[in-house]
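>>> Pasting the sequence and the predicted coordinates here, then a few questions.
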Amino acid sequence: MLSVYQVYLLPGNSVYCGSTISPSQIPLYTKCILRLKVILIFYSLQGRTLILKDIKSHESLSLVCITQLERRMADAGNKESAPIGGDEFTNTELENNKNNTMVEEGSTLLRRMEISVAEAEKRTGKNTVNMQEIFTVYLIETRPIDAITEGHNPAPDSLWRRYSEFEILRNYLLVTYPFIVVPPLPEKRAEFVWHKLSADNMDPDFVERRRVGLENFLLRVASHSVLSNDKILYHFLTEEHRWKEVVYETGFQAKADSRIKALSATFRVKNPDKRFTEMKHYSDELQSLTSQLLRVRARVADRLYGVYKVHGNYGRVFSEWSALEKEMGDGLQSAGHHMDAYAASVDDMLEEEEHYADQLKEYLFYAEALRAVCRKHELTQYELETASSDLISKKQQREELATGMVRTFSFKGMTNKLFGQETPEQREAKLSLLEEQIVQGEETVTEKTVECEEYVKGAWVDMQRFKEQKDRDLREALIGYAVMQISMCKKGIQVWTNAKECFHKM
Amino acid sequence: MSRTIDAVVSPTQTNTIPADISGQMLDLDEDDDLEVFSKDLTLADGNMFNASMPTSPGSMVNQCKFEEDEESDSKDIFITVDNPESHVTAIETFITYRVLTKTTRSEFDNSEYEVRRRYQDFLWLKGKLEDAHSTLIVHPLPEKFVVKGMVERFNGDFIETRRKALHKFLNRIADHPILSCSEDFKVFLSAQAWELTTYKKQGPGFLSRMGETVRAVANSVRGVKNRPEEFTAIQEYVEDFSNKIGSLDKVTQRIVKEQKEYLEELKEYGPTYTLWSGSEEELAEQLKGVAGCIERCCKETEEQVGHLSDTLVPVLHEYVLCAETLKAVLRRRDNIQAEFEAKNEALATKKVDRDAESSDLGFVWGSLLGKNPEEARHQRQERLDGEIEELKEEIDKLEDRVEWANNALKGDWGRWQRSMRGDLKSAFLSTAEKNVDYYEKCLAVWETFLLSQRTEPSEETDRDNTP
């Protein structure tokens, strides 16, 4: 199957991949050209060909071309953005694709609009407690897709947002679509840090990785069949100033479930859907497993860094020693240079690996979103069960009142015995009240049942979607990891082969 | 070009070598040195030269030439050190090593010897060789005990490292044109344990050794006045070399340490993937695949660290010790020259004494004793003349010694440098090769994994997108 993707190379050396066919097939990470290579390899391994075309010349780009492009951009200092675009499918092909189970229902925002988080900048301002603070803002750029494919290449609309605004958007989505596994934001603070990596939120590498993560978040949301239709999302992307007021006006904060309510539901629910319970267990496991993996990976990276850097000392000593020796001097000197190169190579390699860590981290945070969906189910189920049992007890009470039979112990019964029974008028009043309550109760139960069923249906669909997405993404991540290891080994071979040549000359 | 040190190989001796030439001469300049070497070099006091030198170097000059391109099949002596065994006596516990010698040299009665030696015996041998050839470079012995990190003297690794170093030590001596002719060396290789003990008891006693040490100290305090330029150059080189090789030793040990720590973490890394695969369905295969790759890379890393420890670390360490040896050799050469210079000064003083007018004090004393002043002066003159003659003879001998020491050192210096280059080059080469090998193996592991991820083409119909 041929899949055609539009690929844009953006300033800052990031790549955006968009598709007019099937958004769920979009590799949603924007990254440097290495990503592009990984994507190409990934798809070729699956027997699928990814065709990338230059938007201007309509030349196809192969891996070779991409490598050349990489070099050109490195030379040019990444100043320009080089758009590489793809072709749109014809209508018939679009029709055919709808039969592909991978195709999303409905049209998503991402089909109509190209979205990117292009830059980050520092700003100063007053915070909520009126103190000066420095914070980072991110530039969101949007462009309508039609214009691009027609070859117009218009300037994008843009606005600035800070991280906290993204958080508000996400919280809004969580409350409004509790049955959806809402994509996570990049981490608020740097975790799984190893010694070279900075834990400082202001560190440029951290900011850059966060920029990528935020873009990823937007792309995921905008390609989701349900979430992408949300008006607030659209406002977030297009209206810089009024957005906060608008989102608060929805009153989503009030709708949020209290933690205590959710927690008690988890404990007290009697008949949750088994699939959801299993999924919840899975989400716990996913969280702890990925967290453990990330921790060990960080330690491994730290140690590897140490090994490479110590070889830099060889460079220094060889160089000094070569000054003493007549015959060995040249060989030693050049060997020393290679040792320096070896020591320096680890920086780039580990930076690439950070991207892999980010991919895993996304799913670490996704685990929490998954768990939230399961818990919401428990809550709705619990509410249904509570409503049902309330209804049953009310009916029971009515029966007791009507027949005068006391079937179960009741305080009323006791007081009746002690202080005498009620008057018939009192009983009538009570009965009619109960009738009202029972009618209401039945309505509630019906509502809740529907709510629960719909929730289960919607959530299950989205959880399936999530599962497929996760399998795909993580598969790609692992392949990417292997590609990185291969690249590292190749560099090692090169350096030590060169060093060997130099030692020969000694 | 330096000979490689071999393990035991059956000697394939084809040339017969005359009895008194079992090695080669050092590089010599032409006629002047021939002159020097035809003189008798054994000194009266016998401290500096061991009476066991088998031939006078003069005969060596006439009959041997130093061959640059020695083929290894003309090697006529093969030595191995192996088979460490622990011996427990009432007083102490110690390790002996088997020393196996196979040779066709005719000064050996047999062609094969198997003896057991302990570290002390090696120390003894080294001492004797250094005494006899104070300005030749004797390959260093492994240290007595390692200071840091070693608790147990009988730790397996320690013994193995020591064994290898002892093996190298003996083979280096066997390769040395002069040292391998040493009688002590022969006894070391061939004598049974009790024979060796007896033999050790001969030779200069404690007191004469003390005297020698005192003289050496005195000489070194006096210092050398006119050191030839080339030896100063050598000394400077040795200083710098010592620093550099020490640094390399430390850097390499640090690398080993870091690699080991990396390996520790890596060993924990693979299992996290395996653990995760237990919770996944679609991804399980892949996760297990990655875990497998990491485990295989662990094995390769372990091998690589082992190679580094076995190959590069010992060689660098050896040359750290060599640097110290070189410094000692240079000091001894300086001392020899200092002694010569001192005697020269003494001669000059005596001459001045003799030529000076008789001192009044001497004259007065003599007359007090009732001596004839003429006679007294005459006696004094004679006495001084005699002393001067003696001194001159001594000085001649010392001059020879200085010449010989300088030439020995010069020759051996070239030899040592070639050895050093050869050893270090091959150690670094070997390390680089192993590293290439390591990365190639890891590459294969990950490429195999990547290939295994190739899925079958999907059953969906192929659609052609014609632009």
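Nice, thanks for sending it over.
>>> What residues does the stretch 251-400 of chain A have near chain B?
Neighbours of chain B within the stretch 251-400 of chain A, by C-beta under 8 Å from any C-beta of the partner chain: A:282, A:285-286, A:289-290, A:292-293, A:296-297, A:299-300, A:302-304, A:306-307, A:310-311, A:313-314, A:317, A:320-321, A:324-325, A:327-328, A:331, A:335. To be clear about C-beta, it is placed using only N, CA and C from the backbone, and glycine gets the same treatment.
>>> The strand or helix carrying residue B:199: which residues count as buried?
Assigning secondary structure by DSSP states H and E places residue B:199 in helix B:193-201. By 16 or more other C-beta atoms under 10 Å in any protein chain shown, the buried positions in helix B:193-201 come out as B:196, B:200.
>>> what's that helix packed up against?
Contacts defined by 3 or more C-beta pairs under 8 Å, 6 or more residues apart in numbering or on different chains; DSSP states H and E place helix B:193-201 against strand B:112-118, helix B:183-190.
>>> Just the mean pLDDT for the last one, thanks.
When you say that, I think you mean helix B:183-190. In this model, helix B:183-190 has a mean pLDDT of 87.
>>> ok, longest helix in chain A?
Scanning chain A for the longest helix, with DSSP state H as the assignment, gives helix A:424-504.
>>> Is that helix in proximity to chain B?
Yes: judged by C-beta under 8 Å from any C-beta, helix A:424-504 comes into contact with chain B at A:471, A:474-475, A:478-479, A:481-483, A:485-486, A:489-490, A:492-493, A:496-497, A:499-500, A:503-504.
>>> So for that helix, mean pLDDT?
Rounded mean pLDDT across helix A:424-504 is 91.
>>> Surely residue A:492 and residue B:434 touch.
No: if you go by C-beta atoms under 8 Å, residue A:492 and residue B:434 don't touch, sitting 11.8 Å apart.
>>> From the residues of the stretch 251-400 of chain A next to chain B, list the buried ones, please.
By neighbour count, with 16+ other C-beta under 10 Å, these hold A:282, A:285-286, A:289-290, A:293, A:296-297, A:299-300, A:302-304, A:306-307, A:310-311, A:313-314, A:317, A:321, A:324-325, A:328, A:331, A:335 as buried.
>>> can you pull the pLDDT of the residue positioned nearest the centre of chain B?
The centroid of chain B falls nearest to residue B:139 when counting by C-alpha atoms, centre = their mean (1.1 Å). We note a pLDDT of 89 for residue B:139 in this prediction.
>>> Quick check: the gap between it and residue A:503.
Distance, residue B:139 to residue A:503, using C-beta to C-beta, to the nearest Å: 22 Å.
>>> Return the set of buried residues in stretch A:250-265.
By neighbour count on 16+ other C-beta under 10 Å, the buried set for stretch A:250-265 is A:252, A:257, A:262, A:265.
>>> got a list of contacts for it?
For stretch A:250-265, contacts defined as C-beta atoms under 8 Å, 6 or more residues apart in numbering or on different chains pick out A:171-172, A:174-176, A:232, A:375-376, A:378-379, A:381-383.
>>> and residue A:119, what helix or strand is that in?
Taking DSSP H and E as the definition, one finds residue A:119 inside strand A:113-126.
>>> Would you indicate which residues of that strand are buried?
Result for strand A:113-126 [16+ other C-beta under 10 Å]: buried residues A:113, A:114, A:115, A:116, A:117, A:118, A:119, A:120.
>>> That strand packs against which elements?
For strand A:113-126, the elements it packs on are strand A:6-10, strand A:14-18, strand A:132-144, helix A:145-149, strand A:157-162, helix A:204-222, judged by 3+ C-beta pairs under 8 Å, 6+ apart.
>>> and the angle from the longest one to strand A:132-144?
The reference is to helix A:204-222. Helix A:204-222 and strand A:132-144 are oriented at 40 degrees to each other (axes from the mean of the first three to the mean of the last three C-alpha atoms, to 10 degrees).
>>> how big is the angle separating helix A:204-222 from strand A:157-162?
Using the same axes, to 10 degrees: helix A:204-222 against strand A:157-162 is 120 degrees.
>>> any residues touching whichever helix or strand comes after helix A:204-222, and which ones?
Next helix or strand after helix A:204-222 toward the C-terminus (DSSP H and E): helix A:231-238. Defining contact as C-beta under 8 Å, 6+ apart, one finds that helix A:231-238 is touched by A:109, A:113, A:115, A:140, A:142, A:157, A:159, A:161, A:165, A:169, A:172-173, A:176, A:218, A:221-222, A:227, A:242-243, A:246-247, A:250.
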